[in-house]
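Visitor: this one's structure only:
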């Protein structure tokens, strides 16, 4: 605080408005900060994202000093437009055990029951229970009132499976313990954590825990076990994707697992926790944008705690408006506006607002709100990646509350984007000026054919237009220039 006061005395006397103050504190992408981050293993794509998100200089410096766990990946071949290491290669992907030396067996749920539940348009759930005979896994059909935890994870960390709906027993046991700790009515008595390899209880706990074990059932959903894989199950997989929105909206809580976040403490300041979430791989994946926007409550797993993101990310944090700043009388508010907490929480604000829009139908009846909603959903997709390019369009459509049946059937991504844009009655005028590839189809040459990889977010729209069969009609202010034919412009 003293350093900030000193800084204000040095540069504040000559600043007469909040705009000048904001400009003085603006992040300058200097070679010093960015080169230091590159030398510490940061991906160029992360640095480009940090620059575009318009963080303050103090926030950028904070990130550059923060210790990271980069999973042993070398990002020397990555660019600002793309991280080449964040997507998985299905040909070489391997499901991992909790520890490298573990040799426990793979466990698969009843796939026939999962397929039957999905075919009926319902949501399959996994129920696990650890008894004296070992780990028991069963499949349940979700019904109103059943509380379950939806697991959101980074596939690069090895909790996925591209060839089968199965996971090592040690991973399922780990999920069982994590989800059990999130239950609304935790089990009283000793926490039983059997060894994942021998599956034996410690001698101290073995006596008298049989009845306790038989009632320790937890219910969760994870895509690895609940979304059928394989070309022969493509139809079932598409049906499961159609219900993805309901899957997360109906969940009791969402558990976030990211290997980097699990290496560091979550008992530090909110600024540090937000900084780690912002720079995590989980934050840069497409599916996680939808998962956070749809979930009722999000818990992020750190090494020593579950960080309740929603409890910290309160709507009150977004009530600070630049118009409230009156330099120098608004010094205290100015510093609050420039804090690390504000910048990191403001980045999560986009996904938070999409959640708000998704919960209230009246937003779809006001054209201004509809355009704002579109911008928030669009901004959720920028600077995010997915291993399968079509998934990005499915996620975007579900954030806009669209029926994705026809979008799933489309063969090309350009067709998927056309279906999405043509479903919107109003669109922001800024959509025609962003730097991205355009469609070649008549009446749609104004339309983006894909999401820009490294473009700035769509701003709060000042102007918007309508979409109809003739194209996109928008009215904006402009200039009319007149002159003679001999006039030269240099």
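Guide: Perfect, thanks for sending it. Note that the structure is a prediction, hence the values are computed from the model and not measured.

Visitor: how about the helices in the stretch 201-350 of the chain?
Guide: Ranges of helices within the stretch 201-350 of the chain are 203-206, 210-213, 223-226, 234-242, 244-249, 270-279, 286-294, 309-312, 331-337, 340-359, based on DSSP state H, counting those that start in this stretch.

Visitor: And the lowest mean pLDDT element among the helices and strands of this protein?
Guide: helix 203-206 (a mean of 34; mean pLDDT, DSSP states H and E).

Visitor: rank the helices of the stretch 201-350 of the chain by mean pLDDT and give me the bottom one.
Guide: Ranked by mean pLDDT, the helices of the stretch 201-350 of the chain bottom out at helix 203-206, with a mean of 34.

Visitor: per-residue confidence for the residue nearest to residue 308 when sequence neighbours are not counted?
Guide: Excluding the flanking residues, the one nearest residue 308 by Cβ to Cβ, 6 or more residues apart in numbering is residue 299, at 5.8 Å. All C-beta spots, glycine's among them, are computed from the backbone N, C-alpha and C. According to the per-residue confidence, residue 299 scores 92 in pLDDT.

Visitor: any idea how far residue 299 lies from residue 394?
Guide: 25 Å (Cβ to Cβ, to the nearest Å).

Visitor: Same check on residue 140?
Guide: Residue 140 is 26 Å from residue 394, by Cβ to Cβ.

Visitor: Look at the two and report which has more neighbours.
Guide: Remark: of residue 140 and residue 394, residue 394 carries more neighbours, 24 against 18, as counted by other Cβ atoms under 10 Å.

Visitor: sec struct for the more buried one, please.
Guide: Assigned by DSSP: H, G, I helix; E, B strand; the rest coil, the conformation of residue 394 is helix.

Visitor: Spatially, which residue comes closest to it, not counting chain neighbours?
Guide: residue 404 (5.4 Å).

Visitor: Equivalent analysis for residue 398, please.
Guide: residue 245 (4.8 Å).

Visitor: who are the neighbours in contact with that neighbour?
Guide: Applying Cβ atoms under 8 Å, 6 or more residues apart in numbering to residue 245 gives the contacts 290, 294, 398.

Visitor: Go ahead and confirm residue 396 touches residue 374.
Guide: No. If you go by Cβ atoms under 8 Å, residue 396 and residue 374 don't touch, sitting 9.8 Å apart.

Visitor: Between the two, which contacts overlap?
Guide: With Cβ under 8 Å, 6+ apart, residue 396 and residue 374 have no common neighbours.

Visitor: low-scoring stretches of the stretch 351-490 of the chain, by residue?
Guide: 352, 356, 359-365, 453-455, 484-490 (pLDDT under 70).

Visitor: Could you rerun that using 80?
Guide: Residues of the stretch 351-490 of the chain that meet the criterion pLDDT under 80 lie in 351-366, 452-457, 460, 483-490.

Visitor: the strands in it, which residues?
Guide: 426-428, 464-468, 471-474 (DSSP state E, counting those that start in this stretch).

Visitor: who wins for proximity to residue 164 among those strands?
Guide: strand 426-428 (42.3 Å; Cβ to Cβ).

Visitor: For the closest one, give me every contacting residue.
Guide: 367, 370-371, 374-375, 421, 458, 461, 463-467, 472, 474.

Visitor: okay but residue 160 is in contact with residue 95, surely?
Guide: Yes. Residue 160 is in contact with residue 95 according to Cβ under 8 Å; the separation is 6.7 Å.

Visitor: higher neighbour count, those two?
Guide: Higher neighbour count among residue 160 and residue 95: residue 160, with 21 against 18, using other Cβ under 10 Å.

Visitor: now the more buried one: how far from residue 153?
Guide: 8 Å.

Visitor: which ones are touching the residue nearest to residue 93 when sequence neighbours are not counted?
Guide: Nearest-residue entry for residue 93: residue 162, 5.0 Å, with adjacent residues in sequence omitted and distances by Cβ to Cβ, 6+ apart. Going by Cβ under 8 Å, 6+ apart, residue 162 touches 88, 90, 93, 229.

Visitor: Looking at these, which one is closest to residue 309?
Guide: residue 88 (25.1 Å).

Visitor: about what we covered before: now render the strands of the stretch 351-490 of the chain as CSV, adding mean neighbour count and distance to residue 55.
Guide: Putting these into CSV (neighbours: other Cβ atoms under 10 Å; distance: least, Cβ to Cβ, whole Å) gives the following:
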stretch, mean neighbour count, distance to residue 55
strand 426-428, 22, 24
strand 464-468, 17, 28
strand 471-474, 16, 31
